[in-house]
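A.B. asks: Can you look at this prediction? I've put the sequence above it.
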2 protein chains.
Amino acid sequence: MLLAASPGLDWGTILVSLAIILVAGKAAAELCERVRIPAVLGEILVGIAIGPSLLGFVEMSDAITVLSELGVIVLLAQVGLEIDVTELRKVGRVSLMVASIGVIVPMVSGFGVGQLLDETTNASLFLGAALAATSVGITARVFGDLRTLNTREARVVLGAAVADDVLGLIILTVITRVVETGDLDPASIGLTILVAIGFVVISATIGLAVVPRVFRHVDAVTTSYAVIPVVATALTFALAAAADAARLAPIIGAFIAGVTLGRTEQRERVEREFNVLAMILVPIFFVSIGLTVDVGAFVDAKVIGLAALLSVVAVAAKMLAALGARGSGMDAMLVGVAMVPRGEVGLIFASLGASVGVFDDELYAVVVAVVLVTTIVAPPLLRWRIRVAADLVS
Amino acid sequence: MLLAASPGLDWGTILVSLAIILVAGKAAAELCERVRIPAVLGEILVGIAIGPSLLGFVEMSDAITVLSELGVIVLLAQVGLEIDVTELRKVGRVSLMVASIGVIVPMVSGFGVGQLLDETTNASLFLGAALAATSVGITARVFGDLRTLNTREARVVLGAAVADDVLGLIILTVITRVVETGDLDPASIGLTILVAIGFVVISATIGLAVVPRVFRHVDAVTTSYAVIPVVATALTFALAAAADAARLAPIIGAFIAGVTLGRTEQRERVEREFNVLAMILVPIFFVSIGLTVDVGAFVDAKVIGLAALLSVVAVAAKMLAALGARGSGMDAMLVGVAMVPRGEVGLIFASLGASVGVFDDELYAVVVAVVLVTTIVAPPLLRWRIRVAADLVS
C-alpha cells in the first residue's frame, strides 16, 4: 500500500517473493554445505524447485532482477577484492598459459560439439564461450576450506581463473555484438576486443594508482564510519556503468573496482560491507537463475544426452589446461582439476545467451545443467587430488 | 549489456544514478553533521539539487523505487530494533498521554488549516495526518548525541514517538482507504481500524513469543554465520508483506519485525546486518524524496506562505503534547520540543498523499517543506532545552 507510488510494482508479492527466496536459498545452502556440496548448487536447485515450472511459489519480476543483478555485481567486486595483485604477478606466466589453454580448448570443443549437432553458428559460439569460464569463487572456497590457499598450485589456478573470467567476458562481449549486429567484419571485431582490453588495462591501471590515495584522503577528511563503505559501493557501481558504456559486461567493471579497492588501506571495512550486502543479494542472484530454468525442458532425451556429452567435454577440456603447468614443478593434474568448475560466470553466459535469443529453453537448460555438473564434480575431485598431492610430497 | 534480459531496465543509467545518489547523499550528510544539522536533511536537499527540477543528473526509475522502498523498510526495522519493550512499559502511561495529544492536536489543526484555506476535505485530512507523525530516528539521535538517552524524558518521548508512528500509520491507512474508495461508512472505517490494531497487537504478541525461540533454535542447528542475518531480513520482508495484506503500510510490519528481533539473543548480529544494509539503502530513500520534489512549486507566494503557516502550526501543535507530561515531575517543555521533528514518517505521508492524487505538486512541496523545517529547528531547540534542564537540576 505504501508503495502505491509505483503502480507497476506489486509490493506484497515482491516482499513475499524475497522472503521465500532468502529462506529457501539459505536452507538449501546450509543443507549442501552439510554434505560438502558447494552452497551455490543448493541455491540454484531450490530456485528451480520454487520457480514457475515446479512449485510456482515465486516468479521473476523486475524487482528481483534489479536485486539479483546488483548481487552479481557485488559478487564480482568481492572476487576482485580477494585478488592479491602482487602475488598474482609471481605466478603470472604459468597462470596465463593455463588460462589460455583453459579458454581455447573448451571454446573450440564447445563450438565443435554445437556444429556437430547442427546447432546454429551463433548457438555454437555461445556454447563454446559458456564452457570457457572458470569459477574463481568455488575453486577459491575449496582451496580455502582445505587450508591450501597459500600453495603455488592454488595461486596459479586463481590467477588463471581470473584471467579466464576476463578473457571469457571479453569473448562474450565480442560474440554478443556479433550476434546482435550480425556483423562479422574483422576490423569491427578487432575494435571491440581493443576497446574491451583497453578498458580493462586503463581502468585497472588508473584505479590501482588513484583509488588507494583517494580513499586515504576521504578517510582522513570525513568522520562517519559509513563514508568509506558507501563510497566503495558507489565506485563499484560507477565502474560497472563505465564498463557498460564501453560495451563490456558491467561485472567486469565491478571486478576491477574490487581489485582496486583491495589495495586501499580501508580494505577490511569495504570487505565487511560487501560481505553483508552479498549475504542478501548474492543468493537472490543464484536462486533467480533457478527460477528461470524450465524443468520441462530437461524431460527430453536430446537435452539429457546433450548435457551429458557437453559435461564430459567441459571436464576434459578444462583438465587439458593442466598442460600449461607442466614442467613448472607443480602438480599439473591438481591445477587441471581445479579449473573444472564453471560456476557463476558460466551461468551469466547462459542467461545472456538466452536473453539475446541464441539459446532456446532447451539449450539454456543444457548449459545450466553442464554448469551444475562441473560444479558438483569439482570439489570432491579437488579434495581427492589435494590429498594425493600431499601424500606424494610427504 | 549484461542485463539485456530485462529490456525495461537500462543498467548503465541505473548504475550511474545509484553511484551519484550514494556519493552526493553521503557528501551532503557529512557536511550537515559538521554543522550539527541532521544528516537526513542534507540527503533530501541534495536529492532536490541533483533531481529533474534542478541539475537533472538523476531521475526516478523503478529500480531506484525498489531500493528506496527496501530502504524505508530496513529503516523501520532498525527503529524497531532500538525499542526496549520492557523499558517502554515503565513510562507507558505518560508516553501514551503525550502521544495521544501529539497526534490529535496536529491532526485537528492541520485539518483546520486545510479547510480554512479551501483545500479539499481529502487534502485537509492528509495534511492533518502528515503533521501527526513524530520522527523516532531524529529525536533518538539528538538524545544519543548528548548522552541523555537514559533520562526519563528521553524514554517518554521515544515511547510517544513510537506510539505516534503506529497511530499515525493507522490513521494513514484509514484515510487512504477513505480517499481511494470514497467510503465514509463508520462501520467500514471501524473495521479498518480494528484490523490495523488487531494486526499490530497479534503480530507483536506472537512475534515476541515465537521469534526469540525460533532464532535460538535456528542458531543452534545451523553452522553458517550468515543464516541469522538472512532469516532476520526474510522475517522483516515477510511481516512487511503481511502488513500489506492486512491493508496496513508495509513499514508497520517491518517495525514490528524489528521489535521482535530486538528480543532475540542474536540481536547484535541482526543489528550489524541491518546497519550495513541501511548504510546503502536508507540514503537512497531520502535522496529519492528530494528527487520527487519539484522546486518550481516552491517559487510561489502561496506555497511559501502556506509552508510557513503550517510549520508554525506543526511546531506549536506538537509542543502542546508536553501537557501530557505535566504533573509527572519531568521537564514537560523538553518533552514537547522533542516531539517536534516529523522526519521520515512525515515524508512517507507526503509521498503517499501525492501517489493517491490528493496532494498536487504544490501541497506535496508544502508538506515536504514543513517536514524539513520541523526537523531543522528541533535539534538546536532540543540541545538548548536539555542544557537548561540540566542547569535546573544542578
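C.D. replies: Nice, thanks for sending it over. Numbering: from 1, shown residues only, chains lettered A, B, ... in the order given.
A.B. asks: Run the chain-centre distance for the biggest helix by length in chain A.
C.D. replies: Longest helix in chain A, counting residues (DSSP state H): helix A:186-221. When C-alpha coordinates are averaged (Cα atoms, centre = their mean, to the nearest Å), helix A:186-221 and its chain have centres 20 Å apart.
A.B. asks: got it, and stretch A:239-255?
C.D. replies: Put simply, stretch A:239-255 sits 14 Å off its chain's centre (Cα atoms, centre = their mean).
A.B. asks: any weak-confidence spans in chain A?
C.D. replies: Screening chain A residue by residue with the criterion pLDDT under 70, one finds the ranges A:1-8, A:136-138, A:140-142, A:144-147, A:149, A:183, A:343-344, A:392-394.
A.B. asks: Show me the residue at the heart of it, geometrically.
C.D. replies: Chain A has A:Val345 as the residue nearest its centroid, 2.7 Å off, counting by Cα atoms, centre = their mean.
A.B. asks: For that one, which non-adjacent residue is spatially closest?
C.D. replies: A:Ala133 (3.7 Å; Cβ to Cβ, 6 or more residues apart in numbering or on different chains). Quick note: C-beta positions are derived from backbone N, CA and C, even for glycine.
A.B. asks: tell me the contacts of that neighbour?
C.D. replies: Each residue near A:Ala133 by Cβ atoms under 8 Å, 6 or more residues apart in numbering or on different chains is listed here: A:164-165, A:168, A:342-343, A:345-346, A:348-349.
A.B. asks: Could you tell me how far it is located from A:Leu41?
C.D. replies: Counting by Cβ to Cβ, to the nearest Å, the gap from A:Ala133 to A:Leu41 is 16 Å.
A.B. asks: now A:Ala24, nearest residue through space, not along the chain?
C.D. replies: With Cβ to Cβ, 6+ apart, the residue lying closest to A:Ala24 is A:Val46, at 4.7 Å.
A.B. asks: Which helix or strand contains the one you found?
C.D. replies: Using DSSP states H and E, A:Val46 falls within helix A:39-50.
A.B. asks: which residues touch A:Ser61?
C.D. replies: A:10, A:13-14, A:17.
A.B. asks: So what does it have for phi and psi?
C.D. replies: Geometry field for A:Ser61 lists phi and psi as phi -140, psi 170, criterion degrees, to the nearest 10.
A.B. asks: now swap in A:Ser224 and tell me
C.D. replies: Per degrees, to the nearest 10, the backbone of A:Ser224 is at phi -80, psi 140.
A.B. asks: What separation do you get for it and chain B?
C.D. replies: A:Ser224 sits at a distance of 6 Å from chain B (criterion: Cβ to the nearest Cβ, to the nearest Å).
A.B. asks: how about the nearest residue to A:Val276, chain neighbours excluded?
C.D. replies: Nearest non-adjacent residue to A:Val276 (Cβ to Cβ, 6+ apart): B:Val276, at 3.9 Å.
A.B. asks: Now the one helix or strand that neighbour maps to: buried residues?
C.D. replies: Take DSSP H and E as the rule and B:Val276 turns out to sit in helix B:267-291. Neighbour counts using 16 or more other Cβ atoms under 10 Å in any protein chain shown place B:267, B:269-271, B:273-291 of helix B:267-291 among the buried residues.
A.B. asks: Now do it: which elements does it pack against?
C.D. replies: Applying 3 or more Cβ pairs under 8 Å, 6 or more residues apart in numbering or on different chains; DSSP states H and E, one finds that helix B:267-291 contacts helix A:227-245, helix A:267-291, helix B:11-34, helix B:39-50, helix B:62-82, helix B:227-245, helix B:250-261, helix B:343-355.
A.B. asks: helix or strand right after that helix?
C.D. replies: Past helix B:267-291, the next helix or strand by DSSP H and E is helix B:301-319.
A.B. asks: Show me what that next one is in contact with.
C.D. replies: Contacts of helix B:301-319 with the rest of the structure, by Cβ under 8 Å, 6+ apart, involve B:102, B:105-106, B:109-110, B:113, B:117, B:127, B:131, B:134, B:297-298, B:333, B:336-337, B:339-340, B:342, B:362, B:365-367, B:369-370, B:373-374, B:377.
A.B. asks: Helices - which of the residues you listed land there?
C.D. replies: Residues of these located in helices (DSSP H): B:102, B:105-106, B:109-110, B:113, B:127, B:131, B:333, B:336-337, B:362, B:365-367, B:369-370, B:373-374, B:377.
A.B. asks: quick revisit: just the contacts of A:Ala133 now: which is nearest B:Ala29?
C.D. replies: Ranked by distance to B:Ala29 (Cβ to Cβ), the contacts of A:Ala133 are led by A:Ile348 at 34.5 Å.
A.B. asks: so what's A:Ala49 up against?
C.D. replies: Contacts here follow Cβ under 8 Å, 6+ apart; on that basis A:Ala49 touches A:24, A:55, A:290.
A.B. asks: The residue lying closest to the second one once chain neighbours are set aside and chain B, how far apart?
C.D. replies: So the one you mean is A:Leu55. Spatial nearest neighbour of A:Leu55, chain neighbours left out: A:Ala49 (5.9 Å); criterion: Cβ to Cβ, 6+ apart. If you measure A:Ala49 against chain B using Cβ to the nearest Cβ, the figure is 17 Å.
A.B. asks: got it, and A:Leu320?
C.D. replies: The gap separating A:Leu320 from chain B is 29 Å, by Cβ to the nearest Cβ.
A.B. asks: Please name the nearest non-neighbouring residue to that residue.
C.D. replies: A:Leu320 sits nearest to A:Val105 (Cβ to Cβ, 6+ apart), 4.9 Å away.
A.B. asks: Please give the number of neighbouring residues around A:Leu306.
C.D. replies: Using other Cβ atoms under 10 Å in any protein chain shown, A:Leu306 has 23 neighbouring residues.
A.B. asks: ok, now A:Glu87?
C.D. replies: Neighbourhood size, A:Glu87 [other Cβ under 10 Å]: 13.
A.B. asks: what helices or strands is the helix or strand where it lies leaning on?
C.D. replies: A:Glu87 is located in helix A:85-90, with elements delineated by DSSP H and E. Contact partners of helix A:85-90 among helices and strands, from 3+ Cβ pairs under 8 Å, 6+ apart: helix A:152-181.
A.B. asks: Please point out which parts of the helix it packs on sit buried.
C.D. replies: Across helix A:152-181, burial judged by 16+ other Cβ under 10 Å covers A:152-179.
A.B. asks: Identify the residues contacting the residue lying closest to A:Gly198 once chain neighbours are set aside.
C.D. replies: The shortest distance from A:Gly198 to any non-neighbouring residue, by Cβ to Cβ, 6+ apart, is to A:Ala246 (8.0 Å). Residues counted as contacts of A:Ala246 (Cβ under 8 Å, 6+ apart) are A:195-196, A:198-199.
A.B. asks: What subset of those residues is buried?
C.D. replies: Buried among the contacts of A:Ala246 (16+ other Cβ under 10 Å): A:196, A:199.
A.B. asks: just the contacts of A:Ala246 now: which is nearest chain B?
C.D. replies: Of all the contacts of A:Ala246, A:Ala196 has the smallest distance to chain B: 11.2 Å, by Cβ to the nearest Cβ.
A.B. asks: Please report the distance of the nearest residue to the closest one once chain neighbours are set aside from chain B.
C.D. replies: Leaving aside its chain neighbours, A:Ala196 sits nearest to A:Ile170 (4.5 Å; criterion: Cβ to Cβ, 6+ apart). Counting by Cβ to the nearest Cβ, the separation of A:Ile170 from chain B is 12 Å.
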